[in-house]
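**Student:** Here's my sequence, what's the structure:
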Amino acid sequence: MENRDLEEEEECIKAECLKELSELSELKVKDLRQKSRVRWASCGDENSKFFHGFINNRKRKNSIPGLIINGECCDKPKMIKKETFGFYRKKFKEEMVSRPHLNCHNFKRLSDVDANFLIEKFSREEIKVAVFGCNGDRAPGPDGFNFRFIRHFWELFEEDFFGIMSSFHDTGILNKEAFSSTLSKAMEVGIFKGLQTPNEGPMVSHFLYADDALLIGEWSDSNLANVARILSEVEQSRLVGGLGCRKGELPFIHLGIMVGANMNNIHNWDRIVDSFKKRLALWKAHSLSIGGRVILLKAVLESLPVYYFSIFIPCKVVETLEKIMKRFLWGGANNVNKMHWVAWERVTLPKHMGGLGISRLRDVNNSLLAKLG
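**Tutor:** Purely as a prediction, here's the structure:
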C-alpha cells in the first residue's frame, strides 16, 4: 500500500468527492423524511399495522421502565408511581412558614438609555435577526409557508415585516404613554389613589405590558368613580387618538365572547354554530376513518364552545351543535345525512360502559355553571 501525501490535484478531487457525498447524504435524509410524511398522510389514520406500530413505538419511547430508588433499580409500576408522586410533592411543597416582606430601599430603576431602548422603533436589522433565528423546518403557518421559505426570499418579505412591526409599534406601544401620563397626573393631584409599597417605597398606580393595562389602587367607591371619570366620554375624545384605538359600540366580541348582547336570543349564537360548520367543511369527514372522526370530535369540537359554555346556553343551540357533531361522526356532510347506527345516548357513554367517551354538550355546560356556585 502506497503511503504518501496527496498532491494538490488529488486534494481537489478528494474535496469534490466529499462534497458530492455530503449532498447525496442530505438528499437521502430529505427523501426519507418526505416518504415518512407521505406514508403517515395515507396510512396514519387507518386502523392498520403501520398505525399501531407507530403508536406502540412512541409509547415505548415515552414509558419509564424503571427508576433507581435508594440505590437499587426498581421496575414495579406501583413503586415507580409512588416515587414519582413523592418527588414532585416535595418539589411543590411550601417550605416557608412566613414569607419575607418586599424591601423597597434603593429601588432599582432602568436608566434613561435602557428605558428609551425599550420603546424605540424596531430596526430592520433587529427584525431580520429575529426572523433568521427561528427554526425554519417547523410546521408552516396558515399561509403554508415556513420560516425557511421566508428566509430564502427575505428580499421580498422584508418591507412587509418592517411595515407590520412599525405599525404595531406606533399603535400598540408608544402611544400608551399618553394613557400612562394621564393616570400619573391623576395620582399626583389626588384624583386616583394608587397602592403604596412597603418601607416608603414608590406609589404604584398601573402596569402596561404589550397590549394589556392593569390598574392598581385602593378598593373604594370614590376611586372607582374617579377611574370612570378619567375614561369617560369627556376624556375619550382626547385619549382615543393617543391610545391608538377606536371607540366601539355594544355588542362587541372580546376573547371570542359576545359582550353586551342578549344571549337568550338564538341568533346571537350564530358565531359558534358557524365556527362548527367551518371546521367540519375543512375536515372532509368522508375521508377520515371512524377513529379519526372520534378523535377530532373530542379534541377540537368539544373545546370550541368552552368560552360560551361558561354561561347558560339555550337548549335549541345545544341541539343544533350536537346535530352537527352527530352528522360529522357518521360521515355526513353539511347538507347530507347518513344512517346513525348507534343512538347518541349510547355514543356519549364512557368507554367502560360501552360508549365512545364523547361528552354531551349540556353536561359540559352544567359542569362549567357549577363552578359559579
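**Student:** Where does the nearest residue to Leu214 once chain neighbours are set aside sit: helix, strand or coil?
**Tutor:** Nearest non-adjacent residue to Leu214, counting by C-beta to C-beta, 6 or more residues apart in numbering: Phe207, 4.4 Å away. Bear in mind the C-beta positions are built from the backbone N, C-alpha and C, glycine included. State at Phe207, reduced to three classes by DSSP: H, G, I helix; E, B strand; the rest coil: strand.
**Student:** Please tell me how far Asn268 sits from Val318.
**Tutor:** Per C-beta to C-beta, to the nearest Å, Asn268 is found 14 Å from Val318.
**Student:** Tell me which of these two has more neighbours.
**Tutor:** Neighbour count, other C-beta atoms under 10 Å: between Asn268 and Val318, Val318 has more, with 18 against 15.
**Student:** what sits against the more buried one?
**Tutor:** 361-362, 365 (C-beta atoms under 8 Å, 6 or more residues apart in numbering).
**Student:** Show only the entries of these found in strands.
**Tutor:** Among those, no member is found in strands (DSSP state E).
**Student:** any idea how far the residue nearest to Leu214 is from Ile216?
**Tutor:** 7 Å.
**Student:** Now do the shared contacts for the two.
**Tutor:** Counting by C-beta under 8 Å, 6+ apart, nothing touches both Phe207 and Ile216.
**Student:** State the three-state secondary structure for Asp270.
**Tutor:** Per three-state DSSP, Asp270 ends up helix.
**Student:** Now do it, the pLDDT please.
**Tutor:** Looking at Asp270, its pLDDT reads 83.
**Student:** begin at 11 from here
**Tutor:** Fine by me, first position is 11 from now on; the one you just mentioned is Asp280.
**Student:** separation between Met335 and Ser35?
**Tutor:** Taking C-beta to C-beta, one finds Met335 at 48 Å from Ser35.
**Student:** Which one's more surrounded, the two?
**Tutor:** Comparing Met335 with Ser35 by neighbour count (other C-beta under 10 Å), the higher total belongs to Met335, at 21 against 10.
**Student:** Work out for me the element that one sits within.
**Tutor:** Here Met335 sits within helix 325-339, counting by DSSP states H and E.
**Student:** Show me what the following helix or strand past that helix is packed against.
**Tutor:** Sequence-wise, the next helix or strand downstream of helix 325-339 (DSSP H and E) is helix 354-357. Counting contacts by 3 or more C-beta pairs under 8 Å, 6 or more residues apart in numbering; DSSP states H and E, helix 354-357 packs against helix 325-339.
**Student:** all helices in the stretch 61-210 of the chain, in order from the N-terminus.
**Tutor:** Along the stretch 61-210 of the chain, the stretches classed as helices by DSSP state H, counting those that start in this stretch are 87-101, 122-129, 134-142, 157-162, 164-182, 186-198.
**Student:** and Phe64, how far is that from Ser73?
**Tutor:** In this view, Phe64 and Ser73 are 15 Å apart by C-beta to C-beta.
**Student:** If you count surrounding residues, which of those two has more?
**Tutor:** The neighbour comparison of Phe64 against Ser73 (other C-beta under 10 Å) goes to Phe64, with 16 against 8.
**Student:** Can you check what pLDDT the model gives that one?
**Tutor:** Here the pLDDT value assigned to Phe64 is 72.
**Student:** And the contacts of stretch 20-28?
**Tutor:** With contacts defined as C-beta under 8 Å, 6+ apart, stretch 20-28 is touched by Leu16.
**Student:** Could you give the number of residues near Lys336?
**Tutor:** For Lys336, the neighbour count with other C-beta under 10 Å is 17.
**Student:** Would you confirm that it contacts His350?
**Tutor:** Yes: counting by C-beta atoms under 8 Å, Lys336 touches His350, with 6.2 Å between them.
**Student:** Pick the one among the contacts of Val328 closest to Ser190.
**Tutor:** When the contacts of Val328 are ranked by distance to Ser190 (C-beta to C-beta), Asn375 comes first, at 40.8 Å.
**Student:** Apart from its chain neighbours, what residue comes closest to the closest one?
**Tutor:** Phe319 (4.6 Å).
**Student:** just Met273 next, same as before
**Tutor:** Leaving aside its sequence neighbours, Met273 sits nearest to Ile321 (C-beta to C-beta, 6+ apart; 6.3 Å).
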